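**Q** got a sequence here, can you model it:
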Amino acid sequence: MFESLSDRLSGALRSITGRTRLDEKTIQDGLREVRLALLEADVNIRVVRDFTEKVKERCLGEEVLQSLTPAQMVLNIVNEELITLLGGETADLDLTGKRPSVVMMVGLQGSGKTTSTAKIANKLRADGRKPYLVPADVYRPAAIDQLTTLARQLDMPVYSSTTGMNPVDIAEKAVMEADNAGCDVVLLDTAGRLHIDTELMHELVAIKQKTAPAEILFVADAMTGQDAVTVAEAFNNDLGITGVVLTKMDGDARGGAALSIKSVTGASVKLVGVGEKVTDIEPFHPDRIASRILGMGDVLTLMEKAKATFDEKEAQEMGRKLQKAEFNLEDFLSQMKKLKSFGSIESLLKLIPGLGGLAGKIGGNVPEKELSRFEAIINSMTLKERRNPKIINPSRRQRIAKGSGNTVAQVNQLLKQFEAMRGMMQKTLGGKGGKGGMPGMGGMPGMGGMPGMGGGDSLPSSGGGLSKSALKKKKEKRKAERKKKKKR
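**A** All right, here's what the predicted structure looks like:
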């Protein structure tokens, strides 16, 4: 998501930030491109007009035009205004009122309410809450079955609804049952409906009156763009929604809904669905999203992913192994498996400042294919070969190639990249014992040898991991050696 918008905005801002001095015409020309980029992303036209006017007003201020670095100031202004447009600060669910707190899920049919209900319940349980699931969509029998099945998979209590019940009665009785069961959050999965369906909207109003929900979350499919904003506005007028959940944020949506919804409804996007698993839901961070849109990376999200994936003790042990050259192919395989849980390498690159532009140049899913091939090759080795790659002679390489469905050349490529990566990481770690580094980044082919990006050559670095003083000594040593040769 946001890829095309990010590309267009980067191009528009480049025409401004490439100058040492700014004038009104330059700013207006640049903002014209920004306006077109936002409109193409399906952002509400009123929102686009307000956004560009605010940016223009701030850019034409004396503090910018007289600044020594006006280009940086313009980028900073656009970033700040984007954060404001997206909602300002991260908005959490407000469940501080009476117990049990009721969360009412509303929206169009097919927007992903039922799945989102289960995802939110799973997230709340991870935060120490005791959720209770309520299928209140009696008009679509599959909805009751779907939420009941998800509740069983998650081992959570669920209300026994049937299609013959009244949704208002279901909601009222479910809250009482949840209270008796000692649950502190009730999630009501209501029926999907059009905002123009007066009878069903009245039903939602009745449920709100009976249950007094702490949160009314409008679930919107990010792929519907501007339509989602229009519907959200109508729901907000009737119900007073308190927040928005955007689904399918991992798709190729243009981003118009996320950029418009706060300005139009006043309700913040609180959560976003980023995949199909029940764990694939994240808080919506306006500052991080703005940073990604402008190609500035998202280090905080990257670090959170790393902390959730890698154990600290394991990271220290991996650092120790690398220092002592004990890091083997078995460890390498373990690191690759963990890396896959991060998501695609393309999405990972977008989180790293300065590397976002590489994401579109690595040739589709080439890195993922390379990782899968490397995994197949290592799995075809014996335990002894994994732990001691030096014993892999030509005959062993032929056997491994046949067993993994690859060529001997590809086996050789893996071994060569592994040795290069291990050597580079040893130099980089120095005497630090691996602390502070992110495990998996060194074990990833291509963060120092990424497959699909230059045939295994490492990314440019400061002398392959050497410090400035070490590089200086190395140059002086070479210079002295050349002088000795000349004297001879």
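
**Q** how about the strands in this structure?
**A** Listed in chain order, the strands of the chain (DSSP state E) span 101-107, 131-135, 185-189, 215-221, 243-247, 269-273, 281-283.

**Q** please identify the pairing partners of the first one and their relative orientation?
**A** In its sheet, strand 101-107 lies beside strand 185-189 (parallel), strand 215-221 (parallel), with partners assigned from DSSP bridges.

**Q** can I get the last one in CSV, CA atoms only?
**A** Right, strand 215-221. As requested, the backbone C-alpha atoms of strand 215-221 are provided in CSV (Å, rounded to 0.1, in the frame of the first residue of the first chain):
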residue,chain,number,x,y,z
GLU,A,215,-15.9,1.8,21.2
ILE,A,216,-17.8,1.8,18.0
LEU,A,217,-15.3,0.7,15.3
PHE,A,218,-16.1,1.2,11.7
VAL,A,219,-14.4,-1.6,9.6
ALA,A,220,-13.4,-0.4,6.2
ASP,A,221,-11.8,-2.2,3.3
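
**Q** who's in contact with that strand?
**A** Outside strand 215-221, the residues that touch it by CB atoms under 8 Å, 6 or more residues apart in numbering are 93-95, 101-108, 110-113, 116, 120, 208, 228-229, 231-232, 235-236, 239-248, 257, 261, 265, 267, 270-271. C-beta here means a position set from N, CA and C on the backbone, and glycine is covered the same way.

**Q** would you write a PyMOL line that selects the buried entries of the residues you listed?
**A** Buried subset of these, written as a PyMOL selection, criterion 16 or more other CB atoms under 10 Å:
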select buried, resi 93+95+101+102+103+104+105+106+107+108+111+112+113+116+120+208+228+229+231+232+235+236+239+241+242+243+244+245+246+247+248+257+261+265+267+270+271
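
**Q** so what's V229 up against?
**A** The contact partners of V229, by CB under 8 Å, 6+ apart, come to 44, 220, 256-257, 260-261, 264-265.

**Q** okay, those residues in TSV with pLDDT and distance to A181 next?
**A** Listed next are the contacts of V229 as TSV, based on pLDDT from 0 to 100; distance: CB to CB, whole Å:
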residue	pLDDT	distance to A181
N44	77	43
A220	84	31
G256	68	41
A257	71	36
S260	78	40
I261	79	35
V264	79	38
T265	81	34
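
**Q** what is the nearest of those to N76?
**A** Checking these against N76 with CB to CB, the nearest one is S260 at 22.9 Å.

**Q** pretty sure the closest one contacts Q226?
**A** Yes. Applying CB atoms under 8 Å, one finds S260 in contact with Q226, separated by 7.0 Å.

**Q** what about D227, how many neighbours?
**A** D227 is flanked by 15 other residues according to other CB atoms under 10 Å.

**Q** just A121 next, same as before
**A** By the other CB under 10 Å criterion, the neighbourhood of A121 contains 27 residues.

**Q** just to revisit the earlier point, so which of the contacts of V229 sit within helices?
**A** Secondary structure assignment (DSSP state H) places 256-257, 260-261, 264-265 from the contacts of V229 within helices.

**Q** ok, those residues vs E330, which is closest?
**A** The closest of those, once distances to E330 are taken by CB to CB, is A257, at 45.5 Å.

**Q** which residues touch that closest one?
**A** For A257, the contact set (CB under 8 Å, 6+ apart) comprises 42, 220, 222, 224-226, 228-229, 246.

**Q** ok, 7 Å please
**A** By CB atoms under 7 Å, 6 or more residues apart in numbering, the contact list for A257 reads 220, 222, 224-225, 228-229, 246.

**Q** how about the closest residue to it other than its chain neighbours, what does it touch?
**A** Across the structure, with CB to CB, 6 or more residues apart in numbering as the measure, the residue nearest A257 apart from its sequence neighbours is A228 (4.3 Å). Taking CB under 7 Å, 6+ apart as the definition of contact, the neighbours of A228 are 220-221, 257.

**Q** what about 10 Å?
**A** By CB atoms under 10 Å, 6 or more residues apart in numbering, the contact list for A228 reads 42, 107-108, 111, 218-222, 244, 246-247, 253, 256-258, 260-261.

**Q** and if you look at L383?
**A** With contact set as CB under 10 Å, 6+ apart, L383 has these partners: E330.
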